[in-house]
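Student: The following block contains a protein sequence and its predicted model.
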Amino acid sequence: MSTPTALPPATAAAPGGIRRARELLRRGLRRLLPGLFPAPPDFDEVSRLAAIQRSDLQYYMDIQPGARWHSPEFVARFGGFHPPGETRRLHELHAGDRVRANLLLLLLREITVRKVPGCLAELGVHRGESARLIHHYCPERTFYLFDTFAGFSDQDLAAESVSLGFNQAQQFTDTNLDLVRNTIAPLAETLVPVVGWFPASVTPAVAAARFAFVHLDADLEAPIAAGLDFFWPRLNAGGYLVVHDYNAWPGARLAVDRFRTAHPVAAVPMPDKSGSIVLVRT
């Protein structure tokens with residue numbers, strides 16, 4: 001009977017082999033685990049993206065195509081931003097504040113559906129972005145555009161410094177009448193630019209006009225106050241007067257509040273970026 005061969009004694013190489021195997025295993029796990037257990041999310045980035053998503057949901061009305069809860073059936077029946085049966089999609093014409101654009105569209109819809117007679121007017125046109133939206137909704141209505149088309153007037157800036165106690169910087173000089181016309185791209189010969197310092201620029205024809213919709217976006221106290229005094233008595237019943245920057249520019253706020261104290265008008269503050277306020281003529 002043969003004697004079994006004895007196993008060789010452990011050598012110094014054996015621990016080295018184990019260490020090598022462990023190192024290979026660690027390398028393999030390092031390659032495998034990231035796929036199985038990805039790194040935790042960057043919560044600051046997730047929060048930022050969630051805030052953007054919430055903002056988009058808030059700024060899209062349900063009647064706007066592309067909104068998460070858009071209902072084509074509702075729009076087909078009631079018209080959305082436009083009277084029923086209208087196929088235009090003018091909400092895309094205004095690249096700025098979406099809430100403000102929606103506000104203007106809905107008020108223009110109201111005067112159209114309810115057949116409120118009168119012209120349109122904007123005091124403070126700058127480069128014509130909001131005027132484009134207004135004109136394209138009601139191209140058949142005479143639309144008066146009041147502006148220096150060269151920035152704030154020195155007279156209004158001087159009055160603002162006295163009223164508010166600080167010097168307001170010159171702004172909105174990056175415009176001219178040709179640029180505004182190109183921006184608006186008129187659909188009809190109904191635009192009437194009124195160039196110069198308001199209210200001295202008012203002509204007898206303008207003074208005799210009646211209005212259905214007025215947009216005051218002159219920022220400073222003096223022109224806003226003059227605009228309220230001029231347009232409110234000429235605004236037809238059912239019409240709207242919108243003052244932009246009510247919750248952004250102190251001069252606009254002071255002018256509107258003083259007017260509301262003197263005249264018991266129905267006024268509704270709006271949540272657009274610069275806080276417009278809507279005055280309703282009853």
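Tutor: Sure thing, it's come through. Nothing here was measured: the structure is a model prediction, and the numbers come from that model.
Student: Name the nearest residue to R132, sequence neighbours excluded.
Tutor: Distances taken as CB to CB, 6 or more residues apart in numbering place I184 nearest to R132, at 4.6 Å, with adjacent residues excluded. Every C-beta, even on glycine, is put in place using the N, C-alpha and C of the backbone.
Student: got it, and Y137?
Tutor: L108 (4.4 Å).
Student: Roughly how far does that neighbour sit from A255?
Tutor: Distance check for L108 against A255: by CB to CB, to the nearest Å, it reads 24 Å.
Student: Neighbour count for the two, which is higher?
Tutor: A255 (26 against 23; other CB atoms under 10 Å).
Student: could you point out the longest strand in the chain?
Tutor: The residue-count maximum for a strand in the chain (DSSP state E) belongs to strand 235-243.
Student: and that strand, what other elements does it pack with?
Tutor: When contacts are defined as 3 or more CB pairs under 8 Å, 6 or more residues apart in numbering; DSSP states H and E, strand 235-243 sits against helix 98-113, strand 211-216, helix 221-231, helix 250-262, strand 277-280.
Student: which outside residues touch it?
Tutor: With CB atoms under 8 Å, 6 or more residues apart in numbering as the contact definition, strand 235-243 has outside contacts at 103-104, 107, 110-111, 114, 116-118, 210-217, 224, 227-228, 231-232, 252, 255-256, 276-282.
Student: Next, count neighbours for D217.
Tutor: D217: 25 surrounding residues under other CB under 10 Å.
Student: so what's it up against?
Tutor: Contact analysis of D217 by CB under 8 Å, 6+ apart lists 122-126, 130, 243-245.
Student: Sort out for me which of the residues you listed are in helices.
Tutor: Secondary structure assignment by DSSP state H places S130 of the contacts of D217 in helices.
Student: From the contacts of D217, which shows the smallest pLDDT?
Tutor: Note: of the contacts of D217, the lowest pLDDT belongs to H126, at 89.
Student: got the buried residues for stretch 136-144?
Tutor: Across stretch 136-144, burial judged by 16 or more other CB atoms under 10 Å covers 136-138, 141-144.
Student: what's that stretch in contact with?
Tutor: Applying CB under 8 Å, 6+ apart, the contact partners of stretch 136-144 are 88, 90, 93, 104-105, 108-109, 111-112, 118-122, 131, 134-135, 186-188, 190-192, 194, 206, 209, 212-213.
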